[in-house]
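> Sequence unavailable; structure follows:
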């Protein structure tokens, strides 16, 4: 029996795991709140190393980037709002099956992005992990020099 292994996916997972294990996610996820609100998501996304907040689509959507690449889009409209997060395709399907509040990314590549309603149906720890995962995927995809520059800052 042979098993096909996506080498790029394994490499990205190793970078993400080492990023999370290094404590970087602890620095940006240190606050504990009972229920993550839109403001908590905005603060969390803005707290990652090298994170930049932008409004290229107007005042209704806060876009968070690292190294010029998007990792989160937070809807500022509506009662609870939502957040679009980059995700490994297999994990994206798993999240969608597990949580009714997670659906294919709105106006994004449906394979690589999820939209998560901030309606309290996804637990805080799971939502933090989704945000960490999104940042980690984008960070891991940056050129080595750019990753080093961000890590040193």
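Perfect, thanks for sending it. Being a predicted model, the structure only gives us computed values, none of them experimental. Numbering: from 1, shown residues only.

> Phi first, then psi, for residue 102.
Recorded main-chain torsions at residue 102 are phi -110, psi 120, according to degrees, to the nearest 10.

> Would you check how far apart it and residue 151 are?
30 Å (C-beta to C-beta, to the nearest Å). Using the backbone N, CA and C atoms, a C-beta is placed for each residue, glycine as well.

> Which stretches in this structure count as helices?
Taking DSSP state H as the criterion, the chain carries its helices at 7-21, 24-28, 38-46, 89-98, 124-140, 144-152.

> comparing those helices, which gets the lowest mean pLDDT score?
In terms of mean pLDDT, the lowest-scoring of these is helix 24-28 (a mean of 36).

> who are the neighbours in contact with the closest residue to residue 142 other than its chain neighbours?
Nearest non-adjacent residue to residue 142, counting by C-beta to C-beta, 6 or more residues apart in numbering: residue 67, 4.3 Å away. With contacts defined as C-beta atoms under 8 Å, 6 or more residues apart in numbering, residue 67 is in contact with 50, 138, 139, 142, 143, 146, 147, 150.

> now residue 46
Neighbouring residues of residue 46 by C-beta under 8 Å, 6+ apart: 53, 64.

> Give me the distance between it and residue 53.
Distance, residue 46 to residue 53, by C-beta to C-beta: 6 Å.
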